[in-house]
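Q: attaching a predicted model along with its sequence, questions to come.
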Amino acid sequence: MPIKIEKSLPAVDILRTENIFVMDDSRAQHQDIRPLNILILNLMPQKIVTETQLLRLLANTPLQLEVEFLYMASHRSKTTHEGHMEQFYKTFDQVKDKFFDGLIITGAPVENLPFEEVDYWQELATVLDWSKEHVYSTLHICWGAQAGLYARYGISKHSMPAKLSGVYQQEVVKTDSPLMRGFDDVFSAPHSRYTEVLEEELATVPQLEILASGQKVGLSILASKDLREVYSFGHLEYDRDTLAKEYHRDVEAGLKPHLPEHYFKNDDPSLQPPLTWNLPAAQFFNNWVNYAVYQGTPYDWNMVELSSLSASL
């Protein structure tokens with residue numbers, strides 16, 4: 001939450017140069033507050049696990065959030081009970097006439113498929129197009145980030161020599177971005193993917209900025225200058241044991257996966273891995289909710305000229 005103080009206090013200008021949001025008393029007196037409406041498009045197979053991970057991080061904010069879940073009607077989930085989907089999820093047809101302050105699009109285990117061969121690709125592309133006028137800020141995660149860049153800008157994903165799996169260091173590139181507020185210069189985050197987006201291909205999209213990157217992971221976090229689009233190629237939402245479960249699952253399937261890097265203590269998969277990304281995860285999601293969503297979203301969507309929102313994307 002912002003600090004509310006007298007606008008003439010000398011510290012105000014100093015704090016603002018340090019990327020700390022300060023709300024002066026005159027603005028605070030005219031600020032309307034309501035719950036933020038967040039839509040989560042959950043494309044991960046283990047729906048309940050991903051729901052819990054994301055809600056745990058969103059719950060850290062002191063703001064009141066109303067969260068709804070969306071699934072792709074063109075895809076049938078094989079790992080989540082149908083009753084759960086019917087009770088807690090909605091189809092696009094059920095939400096398309098509503099407006100949301102924030103949208104989260106998760107990753108999905110379909111990286112090795114061309115985008116157009118994913119069975120729900122056309123439906124996802126429709127959601128992304130709809131979001132331009134019905135969502136204020138969209139956070140794309142992992143494959144969801146690659147899909148968003150491809151659908152919006154035609155930026156392709158590229159196969160990596162081997163699966164990137166582990167906990168890696170990333171450096172903050174744009175220290176004055178509100179999304180990086182409170183971050184140390186270097187932070188750790190889990191990654192689990194077979195594909196990547198190349199930095200040189202972003203040159204055609206000047207409205208996107210690189211916020212964080214790493215020597216091994218490459219691009220880590222991107223955002224549009226107005227923060228209406230955010231792309232995170234890692235999995236800050238992962239639990240302590242998520243990578244371990246992926247590794248042991250693949251071992252049991254006979255896939256001979258390599259050990260996740262910088263993850264297990266002493267590289268011993270029988271030991272509990274240390275949790276080293278909890279603070280950056282909490283900070284990132286708090287920053288997204290506060291700066292990308294809360295500070296910019298319309299108080300009354302009925303008063304918004306939708307074409308002006310779409311034009312900014």
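A: The structure has been received and is ready for your questions. Please read all numbers here as calculations on a predicted model, not as lab measurements. Numbers count the residues shown, from 1 in each chain.

Q: how about low-confidence regions in the stretch 101-250 of the chain?
A: Across the stretch 101-250 of the chain, nothing is flagged by pLDDT under 70.

Q: where do the helices sit along it?
A: Per DSSP state H, counting those that start in this stretch, the stretch 101-250 of the chain carries helices over the ranges 121-134, 143-153, 242-252.

Q: now the ones you listed in TSV, with distance to Q64 and mean neighbour count?
A: Backbone N, C-alpha and C define where each C-beta goes, glycine included. Shown next, in TSV, are these (distance: least, CB to CB, whole Å; neighbours: other CB atoms under 10 Å):
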stretch	distance to Q64	mean neighbour count
helix 121-134	21	18
helix 143-153	25	22
helix 242-252	28	16
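
Q: just want the most central residue of the chain.
A: In the chain, the residue lying closest to the centroid (CA atoms, centre = their mean) is L139, at 3.8 Å.

Q: so that one makes contact with I104?
A: Yes. Between L139 and I104 there is a contact under CB atoms under 8 Å: 4.8 Å.

Q: quick one, strands of the stretch 1-150 of the chain?
A: Counting by DSSP state E, counting those that start in this stretch, the stretch 1-150 of the chain has strands at residues 3-5, 22-24, 36-41, 65-70, 89-90, 100-105, 135-141.

Q: right, and those strands - which one's nearest E237?
A: Of all these, strand 135-141 sits nearest to E237, with 7.1 Å by CB to CB.

Q: can you give me the offset of that closest one from its chain's centre?
A: Counting by CA atoms, centre = their mean, to the nearest Å, strand 135-141 is centred 7 Å from the centre of its parent chain.

Q: got the angle for that strand vs strand 36-41?
A: 40 degrees (axes from the mean of the first three to the mean of the last three CA atoms, to 10 degrees).

Q: include distance to T297 when you put the helices of the stretch 101-250 of the chain into TSV, please.
A: Shown next, in TSV, are the helices of the stretch 101-250 of the chain (distance: least, CB to CB, whole Å):
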stretch	distance to T297
helix 121-134	12
helix 143-153	19
helix 242-252	30
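
Q: of all those helices, which one is nearest G296?
A: Of all the helices of the stretch 101-250 of the chain, helix 121-134 sits nearest to G296, with 14.7 Å by CB to CB.

Q: I104 touches M44, doesn't it?
A: No. I104 lies out of contact with M44 (CB under 8 Å); the separation is 11.3 Å.

Q: circling back: how about the helices of the stretch 101-250 of the chain, which one is nearest I210?
A: helix 143-153 (12.5 Å).

Q: what is the longest strand belonging to the chain packed up against?
A: In the chain, taking DSSP state E as the definition, the longest strand is strand 158-172. Here strand 158-172 touches strand 186-196, strand 208-214, helix 242-252, going by 3 or more CB pairs under 8 Å, 6 or more residues apart in numbering; DSSP states H and E.

Q: repeat that with 7 Å
A: Judged by 3 or more CB pairs under 7 Å, 6 or more residues apart in numbering; DSSP states H and E, strand 158-172 is in contact with strand 186-196, strand 208-214.

Q: dump the C-alpha coordinates for the longest one into CSV.
A: It stands for strand 186-196. Output of strand 186-196 as CSV, limited to C-alpha atoms (Å, rounded to 0.1, in the frame of the first residue of the first chain):
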residue,chain,number,x,y,z
VAL,A,186,20.1,-10.2,-7.8
PHE,A,187,17.3,-12.6,-7.0
SER,A,188,16.6,-16.3,-7.4
ALA,A,189,13.6,-17.9,-9.2
PRO,A,190,12.6,-21.4,-10.4
HIS,A,191,12.5,-22.1,-14.1
SER,A,192,11.1,-25.2,-15.8
ARG,A,193,10.9,-25.0,-19.6
TYR,A,194,12.1,-26.3,-22.9
THR,A,195,11.8,-23.1,-25.0
GLU,A,196,12.9,-19.5,-24.8
